[in-house]
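Asker: Predicted model, plus sequence, below.
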Amino acid sequence: MTSVGPALQFLFVCVENSCRSQIAEGFARAMGGARVSASSAGSRPSGRVDARAIEFMLEKGIDLRRQVSKGLDDLPSVTWDYVVTMGCGDACPFLPTRNRVDWDLPDPKPMDDAGFRAVRDRIEGLVGELVERAIADRR
């Protein structure tokens, strides 16, 4: 077995760090395994992970109950491999990164359950593509 080097550092950022970025962090951890170190933060964190985000991620077998909503000041001072912003508009920060990606995703919190799940599933697809591409580019 060959070594793949240190884990890729992914950061997902939205406004409150309660839904979209938490969901993306959960998917990245699950999909990337030891090859990815995933974190998330908010430009104006709510201080909690949304209950429906937890519930609907459990449907996918991913448990967000140990994740915490945090702000940008809570992050380590590193150069990220990928910073993904998720619909935070003018509140999106500039963070040191090798690759910047913006996913203009709606906030699922005000949506009905079907709409929330649709955003979750869209995030799942985007994270899957990003993880595959990042790992392939590293080779």
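Answerer: Okay, I see it.
Asker: longest helix of this structure?
Answerer: The longest helix of the chain (DSSP state H) is helix 113-138.
Asker: Which other helices and strands does it contact?
Answerer: If you count contacts as 3 or more CB pairs under 8 Å, 6 or more residues apart in numbering; DSSP states H and E, helix 113-138 packs onto strand 8-14, helix 20-32, strand 36-42, helix 51-58, strand 82-85. Using the backbone N, CA and C atoms, a C-beta is placed for each residue, glycine as well.
Asker: Kindly recompute the last result at 7 Å.
Answerer: With contacts taken as 3 or more CB pairs under 7 Å, 6 or more residues apart in numbering; DSSP states H and E, helix 113-138 sits against helix 20-32, helix 51-58.
Asker: For that helix, what is the distance to the chain centroid?
Answerer: 9 Å (CA atoms, centre = their mean, to the nearest Å).
Asker: now it and helix 20-32, what's the angle there?
Answerer: 50 degrees (axes from the mean of the first three to the mean of the last three CA atoms, to 10 degrees).
Asker: Buried residues of helix 113-138, list them for me.
Answerer: For helix 113-138, the neighbour count (16 or more other CB atoms under 10 Å) marks 116-117, 119-120, 122-124, 126-127, 130-131, 134-135 as buried.
Asker: OK, contacts around the residue nearest to Arg29 when sequence neighbours are not counted?
Answerer: Nearest residue to Arg29 in three dimensions, chain neighbours excluded: Ala38, at 4.9 Å (CB to CB, 6 or more residues apart in numbering). Residues near Ala38 by CB atoms under 7 Å, 6 or more residues apart in numbering: Phe10, Glu25, Ala28, Arg29, Gly32.
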